[in-house]
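Enquirer: coords below, sequence missing:
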């Protein structure tokens, strides 16, 4: 008599690659924006729109793929997204004008976000809550290193092979992922009918009114937004407040992945002992404590660029500790809506990041103080959400 079938869940390396698809494709091209502007005869401000439409597509796409994966399984929507990503990357490489590149970039972002949404859902499908949190922590550790490597690679490649060839490299990566995912098994064993827009809307209403989802999802979105906002505004702070040239940015930004890596690694050890909920709360408390210290340092007027980034590196230890635990708690709130929860979580994170970055840009006064204030306020808000709204999760 045959035993139960063992699912071929994609290995950790592939899950990391799926999670990093949308961000890596974007970050690889960041160093090439000025070259693209010159080649297409447009302004730097014009090519900045590439990032805008790409991010908009990523945000919208996450709301679509999640519910579809609850209805049709993870594998089919993921393959569709990866195929769209691969073909649109070819279109980006061949784009003769900026409008064509913008349209192709929107399609690329819409396809790329499937990897992030559905890799989270696949992890939650395949493991218990505690084990899924550990796997998510391992993915988070890898994700802290990937942006640094990709950004450095982009800076080197653009001067060697040109920006169009870089899009072809992205195309090749997408094609490889299509082949690998095609050979994996479906992880969603309980399908529900949520594909109609009205049913999708009711699904999201059910999620946001469920404190088991809303509290950890909002907390991790706020915490992630504080980090993203810091990264977006910090180059201006380095130049305006600390007088650091752009050629030396890398040595400061390297401090941030190190902190997050420590936190994510620690979370994989603590979750077995404390559970996801307590791990997330402790991580948030550490992050708030370090953020308050960072703000005090900035307020004192004695901050240097190195000390300021070291302080933020300590903040990211707490953020790394709480991130994986919070993600798994959000996805565990309703086991039948894991895909929708993953998609809405991604949408919330990007929305919070966009809002805080916009606010930070508006209040920026040429000093480090406003950025430090936004980081501490966002982290305190995340902790309050966990303490006030969160309910115990089933382990």
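Expert: Looks like it came in fine. Quick caveat, the model's predicted, so the values are computed rather than measured.

Enquirer: please look at residue 20 and residue 143 and confirm they touch.
Expert: Yes. Residue 20 is within contact range of residue 143, at 6.0 Å (criterion: C-beta atoms under 8 Å). Bear in mind the C-beta positions are built from the backbone N, C-alpha and C, glycine included.

Enquirer: which SS class is the residue lying closest to residue 75 once chain neighbours are set aside?
Expert: Nearest non-adjacent residue to residue 75, counting by C-beta to C-beta, 6 or more residues apart in numbering: residue 186, 4.8 Å away. The three-state label given to residue 186 by DSSP: H, G, I helix; E, B strand; the rest coil is coil.

Enquirer: any idea how far residue 186 is from residue 360?
Expert: Going from residue 186 to residue 360 by C-beta to C-beta, to the nearest Å gives 42 Å.

Enquirer: which one of those two has more residues nearby?
Expert: Neighbour count, other C-beta atoms under 10 Å: between residue 186 and residue 360, residue 360 has more, with 22 against 17.

Enquirer: what sits against that one?
Expert: Counting by C-beta atoms under 8 Å, 6 or more residues apart in numbering, residue 360 touches 229, 232, 233, 370, 371, 374.

Enquirer: kindly recompute the last result at 10 Å.
Expert: With contact taken as C-beta atoms under 10 Å, 6 or more residues apart in numbering, residue 360 is in contact with 225-226, 228-230, 232-233, 236, 370-371, 373-375.

Enquirer: that one: which element?
Expert: helix 338-363 (DSSP states H and E).

Enquirer: what's the average pLDDT for that helix?
Expert: Averaged over helix 338-363, pLDDT sits at 82.

Enquirer: report how many residues lie close to residue 24.
Expert: For residue 24, the neighbour count with other C-beta under 10 Å is 23.

Enquirer: quick one: buried ones out of the contacts of residue 360?
Expert: 225, 226, 228, 229, 230, 232, 233, 370, 371, 373, 374, 375 (16 or more other C-beta atoms under 10 Å).

Enquirer: possible to save those residues as JSON lines with secondary structure?
Expert: Below are the buried ones among the contacts of residue 360 laid out as JSON lines (three-state DSSP):
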{"residue": "225", "secondary structure": "helix"}
{"residue": "226", "secondary structure": "helix"}
{"residue": "228", "secondary structure": "helix"}
{"residue": "229", "secondary structure": "helix"}
{"residue": "230", "secondary structure": "helix"}
{"residue": "232", "secondary structure": "helix"}
{"residue": "233", "secondary structure": "helix"}
{"residue": "370", "secondary structure": "helix"}
{"residue": "371", "secondary structure": "helix"}
{"residue": "373", "secondary structure": "helix"}
{"residue": "374", "secondary structure": "helix"}
{"residue": "375", "secondary structure": "helix"}
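
Enquirer: now stretch 272-292: how far from the chain's centre is it?
Expert: 19 Å (C-alpha atoms, centre = their mean, to the nearest Å).

Enquirer: does the residue nearest to residue 83 when sequence neighbours are not counted count as helix, strand or coil?
Expert: In space, not counting the residues next to it along the chain, residue 83 is nearest to residue 178; the distance is 6.1 Å by C-beta to C-beta, 6+ apart. Assigned with three-state DSSP, residue 178 falls in the helix class.

Enquirer: any chance you could map the helices in the stretch 101-250 of the chain?
Expert: Ranges of helices within the stretch 101-250 of the chain are 129-160, 163-182, 197-208, 211-240, 249-253, based on DSSP state H, counting those that start in this stretch.
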